[in-house]
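S.K.: got a sequence here, can you build the structure:
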Amino acid sequence: MGFLDKIRSIAAGRKHARNKVIVIGADGMDPRIFEKLLKEGKMPNMRSVLERGGYSPMKTTIPAESPVAWSSFATGMNPGKHGIFDFLTRNAEDYTPAIAPVSVKVKALGKPEPICNRSGTSFWKRLGDAGLRSTIIRVPVTFPPEKFNGRLLSGLGVPDLRGTWGTSVLYKEGEAAVKNTEFGGVEIELKKDDDGFYRTEITGPKRANSTIPLKIIVQDGRANLSWQENTLRLAPGEWSNWMPVFFEISFGPITVRPKGIMRFFLHSANPLKLYLGAISMDPKDPFYPVTQPSAWSKELASEYGNFCTLGWMEDTWGLNENRIDEAGFIEEAENFTSQLERMVLGIIDEKEDDLVVAVFEATDRNQHMFWRCIDNQHPAWNEAESKRWGDTIYRTYERFDSIVGEVSKRLDEKTILMVMSDHGFNTFRRAVNINTWLRNEGFLNADPSECRDDWSLKDLQQGGKFWPGVDWSKSRAYSMGLGKIYINLKGRESQGIVNPGREYEELRDEIIGKFSKLVDPQSGKAVVSVIHKADRIFSGPRVPHAGDLVVGFNIGYRVSWQTALGGFPAEVIEDNKKKWSADHCSVNSDFASGVLLSTEKYGAFDESAQSEGREPNIMDLAPTIMRHMDVEIPDDIDGVPLQEK
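M.R.: Have a look, this model is predicted:
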């Protein structure tokens, strides 16, 4: 507990809730895998929780995406009210994609201002308004951090120092000069100079005045690095500690010096192959606040050591494109988990909060990347890799169970423990190119000779020019984001041609009717499970910003990466041969439920609850916690307290 917090606590003589609540989240924990391991006796701590209270699969949002689901968790509202419908959104003026949870307001002078695009009031803010105190740790879509009676460490949505969601670099001897990859990484060629040194650079924010020279020499089988005033010596297979770096950026007459921390991993010394992870904002002096209060990140770093502030900490993109290998990825994920566990347990030990919420992400990231090792029907299945890494997902669940055990030791009779996930998981064997289908069916007029199928995250994050070859005057529909189909609506899209009303509805029905019949020529299976009309499943003032149609695929299928950015690969359906081998995005949400366990007994845990429509919904958790704390539940919340189910 920081000094300022102690002073505030003593001075306030504040009230405490009748019940305290601790919520421990495992992003992406799937009920089927959890139940499998539970039956095998490998979830002893979570078994203790459910035996004291109960357990049930928990309905997630439509769509089953982390920013959407965690926003509904935070607010108790459906996406039509909180306004987060996807990882991505689109600009109806120019049809370009953008990151949905956070936008940036550019100023004439001074640094740009990040803005959280989630509407609605978080339940911890409501608790704070009632005089109760909370600490919230790495819940997604909490950047920039809001002010309330408590502390918050932002999660998914915090950018790296370059302003991206995580740009890693691979320096490689004897490779092509500079290559920007599909998933936003960079590969840079290394050449040895006559004096034996390799000279390259570290790239910072887009507007940085210059890059940072990086000098490397290999001696005695180790790499010796130097930059600015820093030196580092690494052996093959070794991670560095967090290392400092800074850049200079000029905003007119104002020059600022954003500070970062970074970690290197040495693959090999001969030939030289060096990985640099995404540069995190320095928690002791972040370019933008990542905590509430803003000084808390410095306190955390002083107590627990430097830590990754990036919202998406694990470099799934780097593993997907072989900038980092499986062993390095797993080691990094465990380092993040262990440090976060120490933070969470330390905060719980303070016994100052009425509510503690903490989210662990390794369950999600490791399922994305290692499902191919437990699915022998997956196009990326490899027997040797399966033998080596096939237990990674299960060990990740067991690791989370051990964290639940440590938290459980700290419970008293007045503290309720909830263990939950935002969604589940499914294999991702085949990718569906929705724009290719729309073009083939005559809904989207695009010249195949100009259409691209090589969009990258760099295009998204640094302003690429999208939709070459598309004639909007002859296009009625298009897809962007993870399973959203937009109608080129007159009066909404800048070049819209479809009239609102009857023409709009008939077009939606036509697309639903045709796309629902899509069959995979490889297997003969139906590809699409359900297609929702957005205004039928969402309610609230933000519904006009949702996609007009929300696609839910059958298990094994997912929207392609290129569709998400408006691309047109040649085939409508293609194998997913990437290491990113499982997903939940654009899958029918009924196939991607999360989990809920609690030391408290609820009727929603009854065996009959699911058949009677009383199973828990992620929107229910906010009002449930407020009810436990005797805080009035406002009418705009859509969830139902589990005490009433």
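
S.K.: how is this structure carved up into domains?
M.R.: With domains defined by automatic domain parsing, the chain comprises 169-280, 428-589.

S.K.: now the end-to-end length of the shortest one.
M.R.: Between the opening and closing residues of domain 169-280 there is a gap of 13 Å (C-alpha to C-alpha, to the nearest Å).

S.K.: now do it: distance to the chain's middle.
M.R.: Its chain's C-alpha centre and that of domain 169-280 lie 26 Å apart, by C-alpha atoms, centre = their mean, to the nearest Å.

S.K.: same question, the longest one
M.R.: Centroid displacement of domain 428-589 relative to its chain, using C-alpha atoms, centre = their mean, is 21 Å.

S.K.: looking at the domains of the chain, which is buried most?
M.R.: Using mean count of other C-beta atoms under 10 Å, the stretch among these with the largest mean neighbour count is domain 428-589, at a mean of 19. Where C-beta positions appear, they are placed from N, C-alpha and C, glycine not excepted.

S.K.: got the end-to-end distance for that one?
M.R.: First-to-last residue span, domain 428-589, C-alpha to C-alpha: 14 Å.

S.K.: same thing with stretch 219-231?
M.R.: Termini of stretch 219-231 sit 14 Å apart (C-alpha to C-alpha).

S.K.: where does pLDDT dip in the stretch 51-200 of the chain?
M.R.: For the stretch 51-200 of the chain, the stretches flagged by pLDDT under 70 are 175-184.

S.K.: now swap in the chain and tell me
M.R.: If you take pLDDT under 70 as the line, the chain has these spans: 1-14, 175-184, 453-464.

S.K.: switch the cut-off to 50
M.R.: Applying pLDDT under 50 to the chain flags residues 1, 3-4, 6-11.

S.K.: select the longest helix from it.
M.R.: For the chain, the longest helix by residue count, based on DSSP state H, is helix 326-350.

S.K.: who does that helix touch, helix- and strand-wise?
M.R.: On a contact count with 3 or more C-beta pairs under 8 Å, 6 or more residues apart in numbering; DSSP states H and E, helix 326-350 meets strand 134-137, strand 264-269, helix 296-304, helix 316-320, strand 355-360, helix 362-370, helix 383-389, helix 392-408.

S.K.: and that helix, how far from the chain's centre?
M.R.: How far helix 326-350 lies from its chain's middle: 17 Å, per C-alpha atoms, centre = their mean.

S.K.: and it with helix 392-408, angle?
M.R.: Helix 326-350 runs at 10 degrees relative to helix 392-408, counting by axes from the mean of the first three to the mean of the last three C-alpha atoms, to 10 degrees.

S.K.: heads up, I number from 19, so please use that
M.R.: I'll keep to 19 as the first residue from here, and by that count the last item is helix 344-368.

S.K.: helix 344-368 versus helix 314-322: what angle between them?
M.R.: 100 degrees.

S.K.: coming back round to it: now the helices and strands packed on helix 344-368 in JSON lines, with distance to Leu55?
M.R.: Below are these laid out as JSON lines (distance: least, C-beta to C-beta, whole Å):
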{"stretch": "strand 152-155", "distance to Leu55": "25"}
{"stretch": "strand 282-287", "distance to Leu55": "30"}
{"stretch": "helix 314-322", "distance to Leu55": "29"}
{"stretch": "helix 334-338", "distance to Leu55": "23"}
{"stretch": "strand 373-378", "distance to Leu55": "16"}
{"stretch": "helix 380-388", "distance to Leu55": "12"}
{"stretch": "helix 401-407", "distance to Leu55": "17"}
{"stretch": "helix 410-426", "distance to Leu55": "6"}
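
S.K.: wait, which of the ones you listed is closest to Leu536?
M.R.: Smallest distance to Leu536 across the helices and strands packed on helix 344-368 (C-beta to C-beta): 24.6 Å, for helix 380-388.

S.K.: ok, so what distance separates the residue nearest to Ser244 when sequence neighbours are not counted from Arg180?
M.R.: Here the nearest residue to Ser244 in space, its sequence neighbours aside, is Lys233; by C-beta to C-beta, 6 or more residues apart in numbering that works out to 4.9 Å. Between Lys233 and Arg180 the distance is 21 Å, computed by C-beta to C-beta, to the nearest Å.
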